[in-house]
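1. here are the coordinates; sequence isn't available:
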């Protein structure tokens, strides 16, 4: 028997899995993984499927991580949150603000579960998870042994972490710890936030501004399936950035601490006049070029071909080669997204 994965990926791609398991505890998750492993079947652990593209039917077991719970502890300087991996991220942001705890407002409306946040080191409007993460609790799937990694041990990078490298496929995230200082310092470096007054702005005003920006620029996945930002913002050398800025003085750029420069992938795609460009049922979103959408019954092949075309056009025009932020899932598990669209 096969089970449809369409309700479990926000792209709305039609794909099947051999088995689907809802895991509400660490033990249930490990047992489901073990049963599939004994049967010689591949396993995929999903949160809300907000950052995946299924390329084919999945030939094994999909485990939905639904481990819940939010515990809050207070120290003199900060609030400390212990959050189950299955908690919805945006509801967590709302939950903290309702209790007068600030620090997550820039990360409002990022789709997905809390447990997915460390994998990608989610970020938006000047804030990344690594800025607020205290630890990540995970379980070694083969042994059932739980371990706690400090934020430093997670090796967070731009949309990157240890969970995308040597821990990939070996562990499952079951909870994360967040540290939110009581002395709140607003981050107002991007978009509409730059127009807010730092001395009087409130966390709720930042939250409202972020929600407004995201809702006006990004498509609702219940209307047009999508996985949010499809490509990473490319990080290039200072020399390459200077060369690009000489040719395109208006290009947005963001110097990084290590001397490199982050560019805006959406701007690069937009300057290639690709908004609205379609391949089959997949299209580049007309309001935000960084988002690829399931406009009309798109297949995974439509999305892959569209992503390949976008990457090629940007590369030819700017000599900048975009990499997908979305995880590509093949029949046996995750595959290289860059290779798939190269």
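-> Happy to help now that I have it. Fair warning: this is a prediction, and the values are worked out from it, not measured in the lab.
2. show me the contacts for the closest residue to residue 201 other than its chain neighbours.
-> Spatially, and ignoring its direct neighbours in sequence, residue 201 is nearest to residue 186 (5.4 Å; CB to CB, 6 or more residues apart in numbering). Where you see a C-beta, it was placed from the backbone N, CA and C, and this is true even at glycine. Residue 186 sits next to 193, 196, 198, 201, 203, 206 when contact means CB atoms under 8 Å, 6 or more residues apart in numbering.
3. give me the pLDDT for residue 186.
-> Looking at residue 186, its pLDDT stands at 97.
4. residue 193 versus that one, what's the distance?
-> 8 Å (CB to CB, to the nearest Å).
5. and for residue 101?
-> Noted for residue 101: a distance of 19 Å to residue 193, by CB to CB.
6. can I get the contacts of residue 186 in a markdown table including pLDDT?
-> Below are the contacts of residue 186 laid out as a markdown table (pLDDT from 0 to 100):
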| residue | pLDDT |
| --- | --- |
| 193 | 96 |
| 196 | 97 |
| 198 | 96 |
| 201 | 97 |
| 203 | 98 |
| 206 | 98 |
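7. from those residues, which would you call buried?
-> 193, 203, 206 (16 or more other CB atoms under 10 Å).
8. now the helix or strand harbouring the last one: buried residues?
-> Counting by DSSP states H and E, the secondary-structure element that holds residue 206 is helix 203-217. Of the residues in helix 203-217, those buried by neighbour count under the rule 16+ other CB under 10 Å are 203, 206-207, 209-211, 213-214.
9. now do stretch 266-273
-> Neighbour counts using 16+ other CB under 10 Å place 266-269, 271-272 of stretch 266-273 among the buried residues.
10. show me which of the residues you listed is closest to residue 306.
-> Residue 306 lies nearest to residue 269 out of the buried residues of stretch 266-273, by CB to CB, at 11.1 Å.
11. and the pLDDT at residue 176?
-> Looking at residue 176, its pLDDT reads 98.
12. which residue sits closest to it, ignoring its sequence neighbours?
-> residue 136 (4.9 Å).
13. helix, strand or coil for that neighbour?
-> Per DSSP: H, G, I helix; E, B strand; the rest coil, the local secondary structure of residue 136 is strand.
14. what segments of this protein are helices?
-> For the chain, applying DSSP state H gives helices covering 26-38, 89-98, 117-120, 203-217, 238-247, 265-271, 300-318, 337-341.
15. related to what we said a few turns ago, tell me the helices and strands packed up against the helix holding residue 206.
-> Packing contacts for helix 203-217, counted by 3 or more CB pairs under 8 Å, 6 or more residues apart in numbering; DSSP states H and E, involve helix 89-98.
16. repeat that with 10 Å
-> helix 89-98, strand 123-124 (3 or more CB pairs under 10 Å, 6 or more residues apart in numbering; DSSP states H and E).
17. please enumerate residues in contact with the last one?
-> For strand 123-124, contacts defined as CB atoms under 10 Å, 6 or more residues apart in numbering pick out 106-110, 117, 129-131, 156, 158-159, 190-191, 210, 213-214, 228-229, 233.
18. residue 101 - nearest residue in space that isn't next to it in sequence?
-> residue 79 (4.9 Å).
19. and the one you found, how far from residue 98?
-> Per CB to CB, residue 79 is found 13 Å from residue 98.
20. show me which of those two is the more surrounded one.
-> residue 79 (19 against 9; other CB atoms under 10 Å).
21. hang on, the more buried one packs against residue 70?
-> No - judged on CB atoms under 10 Å, residue 79 makes no contact with residue 70 at a distance of 11.4 Å.
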